[in-house]
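**Q** Sequence below, structure please.
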Amino acid sequence: MALDFSSVITGHYGQMIVDGTVVTLELALGAWLLAMAIALLLVVIRLTENPIAVGLVKAYVSYHRNVPTLIQLMMWYFAIPTLLPESVQMAIVDFNAEFLFSLIALGLCQAAYFSEDIRSGLRAIPDGQNEAARALGMSYVRAMRSVILPQGVRNALPSVVNHTVLLFKNTSLAMVIGVADLTYVTRDIENQTFRTFESYLVATVGYLFFSLLLMGLGALLARRFQRVYAR
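**A** Presented below is the predicted three-dimensional model:
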């Protein structure tokens, strides 16, 4: 059978691909924002050096880094809702439960990676930087904001970008619980058209394009940081 890409990228099927791509991007962005917010909180807790708080953060990071993301998705969608009252379960269903639980699971999981990236970036800064800032009369908050955090972000940027790409690719796992993302609609199109190669090649190009775009944006940010600190 001759290749026919027009059959999977035009008309109704083309719209399905667009809609699936939008869902993928929304899921990736929502999970990223949640992950980064939680990651910053985890880093702040680690900086307190409270033994109990630090132990809880370590347990959080260990769990999310060692349990497969797919299992975490299924736990959130199939297991955790059973612990909630039936009225709450019904309310969640009305608000697109598949998308919501996927966003939560991916965000919580990725937060563990982001927090370690940021913490490693901060640990790479010599202690003398903070001491010098305080010697110049800066308060702790100002020293963190003006001296320590900018350098920590610069150090952590490569790892954060890599894990951002990983998060984007992991959104494809959401199809197992019914999220109509790019992977889900690709399989649906393949089932309807029997154009297996064309369908999955279109999805492959889509994921590759956005992954390379994220890596390119990360490279631009890295060069910007280099120019700023080279002055």
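**Q** Not counting sequence-adjacent ones, nearest residue to residue 89?
**A** residue 81 (5.3 Å; CB to CB, 6 or more residues apart in numbering). (Each C-beta comes from the backbone N, C-alpha and C, glycine too.)
**Q** what is the mean pLDDT for stretch 133-146?
**A** Stretch 133-146 shows a mean pLDDT of 73.
**Q** one step back: ok, the residue nearest to residue 89 touching residue 92?
**A** Yes - assessed by CB atoms under 8 Å, residue 81 is found in contact with residue 92 at 6.7 Å.
**Q** where's whichever strand or helix holds residue 203 relative to the chain centroid, distance-wise?
**A** Assigned by DSSP states H and E, residue 203 belongs to helix 196-230. For helix 196-230, the separation from the chain centroid amounts to 14 Å (computed by CA atoms, centre = their mean, to the nearest Å).
**Q** Stretch 176-186 now?
**A** 17 Å.
**Q** Now do it: everything it contacts.
**A** Contacting residues not belonging to stretch 176-186 are listed as 16-17, 19-21, 23-24, 27, 70, 73-74, 77-78, 98-99, 101-102, 171-172, 174-175, 199-200, 202-203, 206-207 [CB atoms under 8 Å, 6 or more residues apart in numbering].
**Q** which element follows the helix or strand hosting residue 89 toward the C-terminus?
**A** Applying DSSP H and E as the criterion places residue 89 in helix 86-94. Next in sequence after helix 86-94, counting helices and strands by DSSP H and E, comes helix 97-123.
**Q** And that following helix, what's buried?
**A** Using 16 or more other CB atoms under 10 Å as the test for burial, helix 97-123 gives 97-119, 121-122.
**Q** repeat for stretch 193-208
**A** 195, 198, 199, 200, 202, 203, 206, 207.
**Q** Mind telling me the two of those residues farthest from one another?
**A** With distances taken as CB to CB, the most widely separated pair in the buried residues of stretch 193-208 is 195 and 207, at 18.0 Å.
**Q** so what's the residue nearest to residue 89 up against?
**A** 89, 92, 97, 101.
**Q** circling back to that earlier point, out of the buried residues of stretch 193-208, who's nearest residue 37?
**A** residue 207 (25.3 Å).
**Q** contacting residues around the closest one?
**A** Contacts of residue 207 (CB under 8 Å, 6+ apart): 168, 169, 172, 182.
**Q** Please list the members of the residues you listed that lie in helices.
**A** Here DSSP state H is the test, and those give 168, 169, 182 as lying in helices.
**Q** Adding neighbour count, distance to residue 128 and pLDDT, write the residues you listed out as TSV.
**A** TSV is the format used below for these (neighbours: other CB atoms under 10 Å; distance: CB to CB, whole Å; pLDDT from 0 to 100):
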residue	neighbour count	distance to residue 128	pLDDT
168	22	38	97
169	16	39	96
182	26	48	97
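**Q** for those, which one is nearest residue 146?
**A** residue 168 (31.8 Å).
**Q** tell me which element the nearest residue to that closest one once chain neighbours are set aside falls in.
**A** Distances taken as CB to CB, 6+ apart put residue 28 closest to residue 168, at 4.7 Å, once the chain neighbours are dropped. Element membership for residue 28 (DSSP H and E) is helix 11-48.
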